[in-house]
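Engineer: Let's see this in three dimensions:
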Amino acid sequence: MVNQTYTADVLVVGGGTGGTAAAIQAARRGAKTILVSEFSWLGGMLTSAGVSAPDGNELEAFQTGLWGAFLQELRQRQPGGLDNSWVSFFSYDPRIGAEIFANWVQELPNLHWIFGQVPIDVFRQGNSITGVRFADFAVTAKIILDGTELGDLLALAEIPYRWGWELQSEWGEPSAPVDFNSFTKKYPVQAPTHVVIMQDFGDAMSPEIPAAPNYDPSEFTGAWDSYGAETFLNYGRLPGGQFMINWPICGNDYGQGLGRLIESDVSRGEFIQESRWHSQNFAHFIQNQLGRRYGLAEKVFPHTSTAFALHPYYRESRRLVGLTTVREQDILPIAEGRVASIFNDAIAVGNYANDHHYPGVQFSLQPKSIRWGGRWTGTPFTIPYNSLIPATTDGFLVCEKNISVSHIANGATRLQPVVMGIGQAAGMAAAMCVELNCQPRHLPIRALQTALLADNRSKTAIIPLFNLPPNRSDWLHWQLYYLNNPQAYPDSGYCPCPSENEYPDSAFDKALIRESNCFKGIFSRLDRQEYRFAVTAPAAYQGQNWQLVTLRSHIDEQLSAYPHQQLVTLWGRYNHFGNWLLVEHLNGG
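Structural biologist: Coordinates of the predicted model:
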């Protein structure tokens, strides 16, 4: 029985990475917004799913919008900093991430957040979605956004969506299969992971982790053989001696009966329970192999089993059939280039490699990785606004992994920073549709792009350029220039602007240097984008040999030109667990 009906300009259903960003942006733009989430934590993959060592958009130039603001907040709030793991440059306590999102929501009087609710039905008028019913209330709104983890509103509203693989004959994607087979049937989507947080108890003995049903140690045998136990644990090391266990090699990815995720509430519940048991069994295996020093973390997540994430980390969901579909070709580098082609209606950027997870299977994908800043990163690409809009339904946008994207390309568009950018753009678009009294498909794209670029709280890049960090005075000029002249977008991903080191250091740069430490040593070039550093000072590190990496374009330029076997003075942050120095500033000897 519906006891109450709320009305709003914008309704966001789902408090994941994209839904949270969408609600915050819509409310900041001035729309009366309601956000309804299943869980008591906001942020999805970044928090409630436990993936607090995110991938992608790590380069300084791509740390924009709400993603960049989130990183800035983490740097201020996370004791000891974010250099804790080797899988990510940003690893943090998920409780702090959840606190940031809750604070952002609570500061907006026009944003009403309701948690503990899932959608049950939708209201329609003709081809428009006008509202959503929950267990004991309903919400009607001018624009409704699906921010659920698995695209649940798409199914409830009977909006056409995709689930599973597309063949090469569909769009000519180079990595797509020619025919359906037993592999595509077994894994219609990528496998989720139910993240568990483990704790190093040191000399104290941790409580024993019991085996869950269906324990089979052979499933995990060899999980870290190619790395060693210490390197394995440091993959997702978090502050405070904790470890994010989200391990793909004979680890806790779970892909048994993936179709159950969209069959019924009961079958989804069964899958979720099994995925959590699978992670419990992996934790049990780790403890048995490495000792009772390692146990389940305490009081991390806000429910009874405090070491287990509130829900699985879903890598793929139902995918909208939209006005434009992002294909593999749209995320791959153009011939002889280091960037993908840009969409004219670009509203978000990503750069992660195309990464697919199928337990026990190595699936070959067309490479899109590049060397940059002394390490591997990914080819930048853009997300088109039209991939958020249903082909035939009005009053509705998607803002999560559920955009109109192929199964193959989803491996790159699913990452947390990209989804946060998609959410921010969807929230801005929804609010502007209310302002202009228009449907999402009729919103002037240039007005949306300009609003995102000029947002007074969290301006966001929509044209990826390696050498254009957001603190530059000419940032907006170059973003607009390539929007207006897309044919001029450089294959290299570098705009023809002076290097940052030709400008006086900004307050942003000085803050980075203040947070860094000074080191002296001998610089060595092992390859064009591979650098080592033999430390001579300070004395505590003398004789150690580190990898040099950077996220800053002008430092990348300096490292690429620095003479081999020369003395150099560097300012940066040493990551013991990755054995690298993240360089923020450098001088000659």
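
Engineer: do you know how far Ser37 is from Val419?
Structural biologist: For Ser37, the distance to Val419 (Cβ to Cβ, to the nearest Å) stands at 15 Å. Quick note: C-beta positions are derived from backbone N, CA and C, even for glycine.

Engineer: who has more neighbours, these two?
Structural biologist: The neighbour comparison of Ser37 against Val419 (other Cβ atoms under 10 Å) goes to Val419, with 30 against 27.

Engineer: Check the offset of whatever helix or strand the more buried one lives in from the chain's centre.
Structural biologist: If you go by DSSP states H and E, Val419 is part of helix 416-436. The chain centre lies 16 Å from the centre of helix 416-436; the measure is Cα atoms, centre = their mean, to the nearest Å.

Engineer: May I see the buried residues of that helix?
Structural biologist: Buried residues in helix 416-436, counted by 16 or more other Cβ atoms under 10 Å: 416-434.

Engineer: Is it correct that Tyr352 is in contact with Leu415?
Structural biologist: Yes. If you go by Cβ atoms under 8 Å, Tyr352 and Leu415 touch, sitting 4.6 Å apart.

Engineer: tell me, what's touching these two both at once?
Structural biologist: Common contact partners of Tyr352 and Leu415 (Cβ atoms under 8 Å, 6 or more residues apart in numbering): Asp55, Gly56, Asn57.

Engineer: Just among those residues, which is most surrounded?
Structural biologist: Each of the shared contacts of Tyr352 and Leu415 was scored for neighbours by other Cβ under 10 Å, and Asn57 scores highest at 30 neighbours.

Engineer: related to what we said a few turns ago, just the closest of the shared contacts of Tyr352 and Leu415 to Cys518, please.
Structural biologist: Nearest to Cys518 among these: Asn57, at 28.3 Å, using Cβ to Cβ.

Engineer: so which strand or helix has that closest one?
Structural biologist: Going by DSSP H and E, Asn57 is not in any helix or strand.

Engineer: show me the contacts for it.
Structural biologist: The neighbourhood of Asn57, defined by Cβ under 8 Å, 6+ apart, consists of Gln63, Trp67, Val349, Gly350, Asn351, Tyr352, Leu415, Pro417, Val418, Gly421.

Engineer: same check, this time on Val139
Structural biologist: Contacts of Val139 by Cβ under 8 Å, 6+ apart are Thr5, Tyr6, Thr7, Ala8, Leu11, Ile34, Val36, Gly131, Val132.

Engineer: Please apply the same query to Leu145.
Structural biologist: Contacts of Leu145 (Cβ under 8 Å, 6+ apart): 10-13, 19, 22, 396-399, 426-427, 430.

Engineer: Can you mark which positions in the host helix or strand of it are buried?
Structural biologist: Per DSSP H and E, Leu145 falls inside strand 137-146. Neighbour-count burial for strand 137-146 flags Ala138, Val139, Thr140, Ala141, Lys142, Ile143, Ile144, Leu145, Asp146 (criterion: 16+ other Cβ under 10 Å).

Engineer: Okay, and the beta partners of the last one?
Structural biologist: For Asp146, the beta-bridge assignment (DSSP bridges) gives partners Val13, Val398.

Engineer: That one and Ala155 touch, don't they?
Structural biologist: No. At 9.8 Å, Asp146 does not count as touching Ala155 under the criterion of Cβ under 8 Å.

Engineer: which residues in the stretch 351-500 of the chain form strands?
Structural biologist: Using DSSP state E, counting those that start in this stretch, the strands found in the stretch 351-500 of the chain span residues 369-372, 375-378, 381-384, 396-398.

Engineer: next one: the stretch 101-250 of the chain
Structural biologist: Counting by DSSP E, counting those that start in this stretch, the stretch 101-250 of the chain has strands at residues 111-115, 121-125, 128-133, 137-146, 161-162, 196-200, 237-238, 242-245.

Engineer: Relative to Phe533, which of those strands is closest?
Structural biologist: Minimum separation from Phe533 across these (Cβ to Cβ) falls at strand 237-238, 21.8 Å.

Engineer: Who are the packing partners of that closest one?
Structural biologist: Under the contact criterion of 3 or more Cβ pairs under 8 Å, 6 or more residues apart in numbering; DSSP states H and E, strand 237-238 touches strand 242-245.

Engineer: first vs last residue of stretch 348-361, how far apart are they?
Structural biologist: Using Cα to Cα, to the nearest Å, one end of stretch 348-361 lies 31 Å from the other.

Engineer: mind listing what's buried in it?
Structural biologist: For stretch 348-361, burial by neighbour count (16+ other Cβ under 10 Å) applies to Ala348, Val349, Gly350, Asn351, Tyr352, Ala353, Asn354, Asp355, His356, His357, Tyr358, Pro359.
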